[in-house]
Structure formats: structure tokens, C-alpha cells
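Undergrad: give me the fold of what follows.
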Amino acid sequence: MARKKKNTVENDNQIKMFDNKNLKDIDISENSMVKNVNKGELLEYQIKRLFFFMGYFPKTNIIIQTSSDEPYDTVTDLDVYGIYIHSDFSEKTIWSDCKSGAAQEINRVAWLTGIKEMIEVDDILFVKKGTKLSTKLFANAKNIQIVDLSIIEDMEKRYGIKSNDWRGSWNPQIQNENINTFKNISAPNNLIYKRIFKFINTHYWAIEDNFTKCKKTITALRDLASLAELPLVLKEKRAIRWAVYQLSSMLMLPMLQICRQVQYFTNEDKIDIIILGLIYGSNSKSKIDDILKVTNNIARKTLYKYCGGENKLIDLPEIKLSQPEYTEAFVNMIFRIIEQPLSYFDILRFLDFALSQYDLENQQYDIKELSEIFNNTDDLLKSTKTFLHFICHITNMPKEVFVLLNDNESI
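TA: Residues are numbered from 1 along each chain as shown. Modelled structure (predicted):
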């Protein structure tokens with residue numbers, strides 16, 4: 001999991017705490033929203049909601065493995081993982097290990113310390129009640145905070161979070177319904193849906209190169225663009241849109257990290273770096289050229305063997321790599337983000353909330369509600385609309401999938 005470390009959280013104006021007097025009342029009771037969710041999973045979504053209001057882009061149930069390709073070993077699963085993007089595109093990460101029941105604190109801290117180093121996460125919250133102070137201090141020295149459940153509730157009050165606020169992507173019931181539906185769609189066959197879901201919660205997070213991560217996410221979005229046109233039942237169409245929204249933010253994340261990589265280069269150098277990255281990924285050009293040279297030689301020798309010797313003239317085209325057809329649009333999008341950092345650095349949280357709260361429900365955007373969460377709502381609306389147009393352009397995704405791109409949407 002490639003990342004850049006930063007020890008302090010800057011740009012506090014990124015986060016806007018709710019004023020409880022202005023917070024939109026939720027007209028659905030807490031129990032009705034989480035009645036089919038077990039205690040442990042509910043805690044994870046509670047932490048996800050907290051991370052969001054602390055300024056992080058939160059994800060739940062990420063499976064960490066040793067490689068994105070076969071063969072690989074599964075390392076662990078991250079209950080809640082948060083990424084905080086600064087205005088200079090650097091980042092800070094946090095992971096919450098949620099234990100609503102019994103757990104051996106010292107053993108767990110030792111294990112967490114090793115995983116922390118392996119995945120290069122900045123902070124860890126180990127949510128566990130009834131831990132003695134000496135154990136908490138021992139963990140604290142390793143940037144692992146053992147947090148009592150009561151402290152989580154206190155922190156929610158500090159950030160103005162209501163206990164019955166289950167909107168957006170931190171609604172466990174809606175998320176689970178769409179996950180289960182998506183994994184079981186069978187048209188044209190079930191394998192493609194299982195493959196895409198595996199990519200969303202597992203393989204994606206094992207890819208260290210940002211360009212490779214972008215390319216594979218774009219491929220998954222292109223697959224979904226085709227599937228979105230199938231004559232499916234409404235529940236299945238909704239689940240496909242859920243997957244599109246997940247992958248949309250997962251595409252923006254490595255693009256922001258690429259902006260971090262190239263922003264201090266000249267424009268000419270930026271373009272060269274991006275093009276080479278899209279062609280070769282994490283491999284060097286010379287390494288790929290050597291592989292292609294060997295591949296070409298093997299192909300020729302194989303043909304010589306079956307065509308009567310090396311003296312016979314064989315017209316065999318050279319195997320070469322070329323840049324993707326969306327390279328120009330990709331370069332332009334990266335340049336746009338770099339040129340408008342204050343309009344884009346918080347876009348992950350905006351996508352996370354808005355796509356689940358409005359697009360998934362096919363509802364118009366509530367500007368008042370958004371303004372209670374984000375300081376720069378107007379800028380985020382414009383940058384989000386630009387990014388969604390970019391997705392549709394390079395993947396052939398129907399614009400109807402996104403509420404902001406509908407002709408009748410006035411923002």
C-alpha cells in the first residue's frame with residue numbers, strides 16, 4: 001500500500017463540525033436502520049462515520065494480501081481504514097481495529113505493531129473497553145491508541161455526530177444489501193461480478209503503483225458500463241451503480257497520489273512521467289523493453305522451428321507496448337487537479353457521502369445538507385461534476401448513472 005507519511009493533520013478548515021441546532025433531523029429511528037446489523041459490524045460503521053467527520057475518506061473491511069496477482073497470501077482485514085488528504089496532496093492514514101467483545105490487549109498490540117509497519121499506516125485505534133492504563137500507555141508509545149467505547153461516544157459529541165445519523169456510506173443496511181445483491185447477479189454470468197467485487201475490497205489495495213491502480217480501476221469501470229445497459233431488475237441495477245460509485249472514488253485516490261508525485265515537475269516532465277507511468281506502470285522502460293525483446297525472440301524461434309529453418313523469411317510484427325487511448329484525457333485531468341488543489345483535495349469525502357446519499361437513491365443533491373458538512377460545497381460540486389464527466393468519457397459509462405450529470409439537475 002504505497003503512501004507518503006505526514007505526522008500532523010493540517011488544513012482544519014477542511015473539516016466542518018456540525019452545529020447540532022442546524023443538523024438535519026433524521027426521521028428514521030436508530031433501531032430501524034440497524035435492526036439487522038450485528039454488534040461488531042455496527043461498531044465498524046460507527047467508527048467509519050467518526051473517521052469521516054474527522055476529515056478522513058473511510059473504507060470498511062479491506063482485505064490486505066501479499067500481492068494483487070496469484071499466488072498470494074491473505075495478511076489481515078482492516079475493519080476501518082481512513083485516508084486524510086492534505087491540500088498539497090500528501091496524506092495521513094488511520095486504521096481502526098474494532099473489538100466489541102473480549103480480546104487479549106497485549107498480544108493484540110504486539111500483532112498490531114507488526115501490521116502497522118507492514119502496511120505503513122500512521123495511526124491505529126484499537127477499540128476495546130476495560131483496558132488498564134499501563135497497557136494503554138504501552139500501546140500509545142507505538143502510536144496505537146486503545147480506545148474505550150465510551151470515548152468513541154464522547155468523540156462523536158465533539159464532532160456533532162448524532163447517534164441515529166446513518167446517512168451516506170456509513171449506513172450498514174444499505175451497504176450490505178447492495179454488496180449481497182451485486183455478488184449474486186448472474187447476467188450475463190456471475191464470474192465478472194465476483195471478480196469486480198474481489199478487486200474492490202481486496203486486489204486493489206495490494207497494488208502499490210498508482211498508475212497500475214488507475215488502469216485496473218478504469219478497466220473495472222468499463223466492464224460496469226457495459227453491464228449497466230443490461231435488462232436487469234431494479235435491485236440489480238442499483239447494485240451495479242453502487243459498484244460504480246465505489247470505483248469512482250477508488251479511481252480518484254491514486255490520481256490524487258499521482259498529483260503528489262508530479263506536482264513539482266515542469267509541465268513537460270509531468271506529461272512524460274504520466275505517459276510512461278500509464279505504459280509501464282511500476283516497471284522501468286528498460287526492463288519492459290528487455291522482456292519484449294526476449295518475447296519477440298521466442299516467438300521468432302518458435303515460428304522458425306515450424307516453418308523450416310531460420311533462413312526462411314518470416315514476416316513477424318514486433319510486440320510493443322503503447323499508451324492507453326485515454327492518455328490525453330487522463331493527463332488533462334491530472335493537470336486540472338494540480339491547478340485547483342483547494343477544489344479537489346477533499347473530493348474523496350464528497351464522493352463518499354454524495355454518491356451514496358443522493359446518486360444511489362436517485363435523489364437531487366441537497367445543497368443545504370452538503371453545506372453543513374463541507375466548507376467549499378460549490379467548488380466540490382464543480383470538481384465532482386468535472387471528474388464524473390471524465391469517467392463517462394474514458395469508460396463509456398452512461399451519464400444517467402450520475403445525478404449531477406442529468407440534464408434536469410440544476411446546481
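
Undergrad: tell me the buried residues in the longest strand anywhere in the chain?
TA: Longest strand in the chain, counting residues (DSSP state E): strand 74-85. Burial within strand 74-85, assessed by neighbour count using 16 or more other Cβ atoms under 10 Å, is assigned to 76, 78-85. Any C-beta I mention is one placed from the backbone N, CA and C, and that applies to glycine too.

Undergrad: same thing with stretch 204-219?
TA: For stretch 204-219, the buried set under the neighbour-count rule, 16+ other Cβ under 10 Å, comprises 204-207, 209-218.

Undergrad: re the thing from before, does anything pack onto the next helix or strand along the chain from the longest strand of the chain? Which helices or strands?
TA: Next helix or strand after strand 74-85 toward the C-terminus (DSSP states H and E): strand 91-98. Secondary-structure packing of strand 91-98 (3 or more Cβ pairs under 8 Å, 6 or more residues apart in numbering; DSSP states H and E): helix 39-53, strand 74-85, helix 105-119, strand 123-127.

Undergrad: what mean pLDDT does the second one get?
TA: What strand 74-85 shows for mean pLDDT is 93.

Undergrad: check what pLDDT Gly130 gets.
TA: Confidence at Gly130, expressed as pLDDT, is 83.

Undergrad: typo on my end, Ala329
TA: Note on Ala329: pLDDT of 97.

Undergrad: related to what we said a few turns ago, now the buried residues of strand 74-85 as TSV including distance to Asp123?
TA: Below are the buried residues of strand 74-85 laid out as TSV (distance: Cβ to Cβ, whole Å):
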residue	distance to Asp123
Thr76	17
Leu78	13
Asp79	14
Val80	12
Tyr81	11
Gly82	9
Ile83	12
Tyr84	10
Ile85	15
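
Undergrad: so how far is stretch 274-283 off the chain centroid?
TA: 21 Å (Cα atoms, centre = their mean, to the nearest Å).

Undergrad: show me which residues of that stretch are buried.
TA: Using 16+ other Cβ under 10 Å as the test for burial, stretch 274-283 gives 274-275, 277-281.

Undergrad: so which pair among the buried residues of strand 74-85 is furthest apart in space?
TA: Farthest pair in these (Cβ to Cβ) is Thr76 and Ile85. Separation: 24.1 Å.

Undergrad: how many neighbours does the nearest residue to Glu153 once chain neighbours are set aside have?
TA: Of all residues not flanking Glu153 in the chain, Ser163 sits nearest, at 7.9 Å (Cβ to Cβ, 6 or more residues apart in numbering). Using other Cβ atoms under 10 Å, Ser163 has 12 neighbouring residues.

Undergrad: Ala220 now?
TA: Quick note: Ala220 (other Cβ under 10 Å) scores 25 neighbours.

Undergrad: quick check, it in contact with Ser248.
TA: No. Counting by Cβ atoms under 8 Å, Ala220 does not reach Ser248; the two are 10.6 Å apart.

Undergrad: helices or strands next to whatever helix or strand His389 lives in in the packing?
TA: According to DSSP H and E, His389 maps onto helix 377-395. Helices and strands touching helix 377-395, by 3+ Cβ pairs under 8 Å, 6+ apart, are helix 210-227, helix 234-262, helix 327-339, helix 341-344, helix 347-354, helix 367-373.

Undergrad: name the nearest residue to the residue nearest to the spatial centre of the chain, sequence neighbours excluded.
TA: In the chain, the C-alpha nearest the mean C-alpha coordinate belongs to Met250, at 3.3 Å (Cα atoms, centre = their mean). In space, Met250 comes closest to Thr217 once its chain neighbours are excluded; the distance is 5.4 Å by Cβ to Cβ, 6+ apart.

Undergrad: try Leu351
TA: The shortest distance from Leu351 to any non-neighbouring residue, by Cβ to Cβ, 6+ apart, is to Ser249 (4.4 Å).

Undergrad: the one you found contacts Leu355, correct?
TA: Yes. Ser249 lies in contact with Leu355 (Cβ under 8 Å); the separation is 7.4 Å.
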